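Chemist: have a look at this prediction, sequence included:
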Amino acid sequence: MAALWQRLQKQGGIELLIRVVLLLYPFFPVLDWAVQSLTGQGIRLDRQLVNIFIFGLLALALNLQVGYAGLLQLGIAAFFAIGAMTTGVLTVEKYPFQLGFWGAILVAPVMAGAAGLLLGAPTLRLRGDYLAIVTLGFGEVMRIVLLNLENITDGPRGLNPIAEPWLPVFVKDTIGAEKAIYAFALFALVAAVVLLRLLERSRLGRAFVALREDELAAACMGLDPARIKLLAFAGGAALAGLAGALYATNLTTTAEPNTYDFNYSVMVLCCLIIGGLGSLRGALMGALLLMGFDNVVSPLLTRVLQKAIGGDSNFVMASFSNWRWIIFGAALVLMMRLRPEGLWPSRRIAKELHEPPAEVA
């Protein structure tokens, strides 16, 4: 097992992602049949995997802000919601815009990125816990604002139906509409990984790391911390907006604004902590583990437990979903105690945490 893990660590995040998806996709019907036989109810693994792709993209967005630039952000769900609501406004029949899927995919990241600039501009001087409190407050305020703007967002009902991805007729007849959103979500995730990998090796990526390590030293070396923070806020917010647009398209509705609460922000942050801050592969692994547990494993275990006790759905402990926050909390405590750098950390952070300090002559 140790040799297999070392081999996986040497592979790039893109190669690993593509190999896993291509290997698993043909077996989805067999797995669905096995689940149907075990629990009496089916589960569409392709749809669940789309959600994992979307939250993987959201984890990459937060990793750009927290993992790269060191900006403790607790309001990523707000930009996620902005992307989803923008998609709804631009595609539903209630409004005259009717830009369709591709127009929304282009505009939603722009709107979320602009919101990131508006949030970043007045908070440039804040650091650490103070920045976290401001972003947390922004996320909660944005949720309440979207909930009360019923003339625009339809309040708790949400906007629907969202336009499905537009494809040429021959392509849609070949792969189908459901596989189209699957393929596009995977493509968006791979493209984000490629762009962030290039960013890591660029001058701006090194500036992000310098800001994370020591803001004062970065400023003394000629970097502009204010500009770097704004770019981090805007870039992460734009990626989160793209994830929100895909989320609304996959659901065919924006869902109610209360969906995008603080729990989403914490869950995405947990993905980074478990996978490894500052690591693309760690962010993807954290999203796969947490969202796979939440979307696939937890419902299956709930059905198995309810079947075992005779289908009594009123028994609270029979719902495995009610245990998930306990399990997430225990996982975080164990990670902080046994492996604080995460399961798949960046080399720099792993060295910082495990190499002994240099001796002073």
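Modeler: Structure's in. What do you need? Numbering: from 1, shown residues only.
Chemist: using the three-state scheme, assign the residue nearest to Gly128 when sequence neighbours are not counted.
Modeler: With CB to CB, 6 or more residues apart in numbering as the measure, Leu72 is the residue that lies nearest to Gly128, at 6.3 Å, once sequence neighbours are left out. In short, each C-beta sits where N, CA and C put it, glycine included. Using DSSP: H, G, I helix; E, B strand; the rest coil, the structure places Leu72 in coil.
Chemist: and for Pro345?
Modeler: coil.
Chemist: what does Thr254 give?
Modeler: coil.
Chemist: please give the number of neighbouring residues around it.
Modeler: Neighbour count for Thr254, taken as other CB atoms under 10 Å: 30.
Chemist: start at 28, not 1
Modeler: Happy to do that; since the first residue is 28 now, the last one works out to Thr281.
Chemist: give me the buried positions along stretch 131-145.
Modeler: When neighbours are counted by 16 or more other CB atoms under 10 Å, the buried residues of stretch 131-145 are found to be Ala131, Ile132, Val134, Ala135, Pro136, Met138, Ala139, Gly140, Ala142, Gly143.
Chemist: contact partners of that stretch?
Modeler: Here stretch 131-145 makes contact (CB atoms under 8 Å, 6 or more residues apart in numbering) with 105-106, 109-111, 113-114, 117-118, 126, 190, 257, 260-269, 271-273, 276.
Chemist: of these, just the buried ones, PyMOL syntax please.
Modeler: What follows is the PyMOL syntax for the buried subset of those, where burial is set by 16+ other CB under 10 Å:
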select buried, resi 105+106+109+110+111+113+114+117+118+126+190+257+260+261+262+263+264+265+266+267+268+269+271+272+273+276
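Chemist: any idea how far the residue nearest to Gly262 when sequence neighbours are not counted lies from Asn349?
Modeler: Spatial nearest neighbour of Gly262, chain neighbours left out: Leu91 (5.4 Å); criterion: CB to CB, 6+ apart. Between Leu91 and Asn349 the distance, using CB to CB, to the nearest Å, works out to 33 Å.
Chemist: show the average pLDDT along the lengthiest helix in the chain.
Modeler: Ranked by number of residues, the top helix in the chain under DSSP state H is helix 252-278. Averaged across helix 252-278, the pLDDT comes to 92.
Chemist: tell me which other helices or strands it touches.
Modeler: The helices and strands touching helix 252-278, judged by 3 or more CB pairs under 8 Å, 6 or more residues apart in numbering; DSSP states H and E, are helix 72-89, helix 103-118, helix 127-147, helix 204-227, helix 230-240, helix 242-247.
Chemist: what is the shortest one packed up against?
Modeler: For helix 242-247, the packing partners by 3+ CB pairs under 8 Å, 6+ apart come out as helix 230-240, helix 252-278.
Chemist: how about the strands in the stretch 278-388 of the chain?
Modeler: Here the stretch 278-388 of the chain has no strands by DSSP state E, counting those that start in this stretch.
Chemist: phi, psi of Ile189?
Modeler: Dihedral pair for Ile189: phi -80, psi 140, per degrees, to the nearest 10.
Chemist: quick check: pLDDT value at the residue nearest to the spatial centre of the chain.
Modeler: With distances taken as CA atoms, centre = their mean, Leu85 lies nearest the centre of the chain, 2.3 Å away. pLDDT, the model's per-residue confidence, is 94 for Leu85.
Chemist: same check on Val220?
Modeler: Per-residue pLDDT puts Val220 at 90.
Chemist: my read is that it contacts Ala88, right?
Modeler: No: checked against CB atoms under 8 Å, the pair Val220 and Ala88 is beyond contact range at 12.0 Å.
Chemist: quick check on the two: which one has the bigger neighbour count.
Modeler: Per other CB under 10 Å, whichever of Val220 and Ala88 has more neighbours is Ala88, with 32 against 22.
Chemist: and the more buried one, what is it in contact with?
Modeler: Each residue near Ala88 by CB under 8 Å, 6+ apart is listed here: Ile103, Phe106, Gly262, Gly263, Ala264, Ala265, Leu266, Ala267, Ala270.
Chemist: how many neighbours does the last one have?
Modeler: When counting by other CB under 10 Å, one arrives at 32 neighbours for Ala270.
Chemist: so where's the chain shaky on pLDDT?
Modeler: Scanning the chain with the threshold set as pLDDT under 70 gives 28-73, 194-205, 335-348, 375-388.
Chemist: first-to-last residue distance for stretch 318-331?
Modeler: Using CA to CA, to the nearest Å, the end-to-end distance of stretch 318-331 comes out at 19 Å.
Chemist: hmm, back to that, who's more crowded, Leu91 and Asn349?
Modeler: For Leu91 and Asn349, the more surrounded residue by other CB under 10 Å is Leu91, and the numbers stand at 31 against 12.
Chemist: quick one: residues contacting the more buried one.
Modeler: For Leu91, the residues meeting the contact criterion (CB under 8 Å, 6+ apart) are Leu223, Leu226, Phe235, Ala259, Gly262, Gly263, Leu266.
Chemist: neighbours of Trp241, how many?
Modeler: Not Trp; residue 241 is Asp. The burial count assigned to Asp241 is 12, neighbours taken as other CB under 10 Å.
Chemist: equivalent analysis for Ala244, please.
Modeler: Using other CB under 10 Å, Ala244 has 11 neighbouring residues.
Chemist: pretty sure it is touching Ala237, no?
Modeler: Yes: using CB under 8 Å, Ala244 and Ala237 qualify as a contacting pair, with a distance of 7.2 Å.
Chemist: picking that back up, Asp321 is nearest to which of the helices and strands packed on helix 242-247?
Modeler: In this view, the helices and strands packed on helix 242-247 are compared for proximity to Asp321 by CB to CB, and helix 252-278 is the closest at 14.3 Å.
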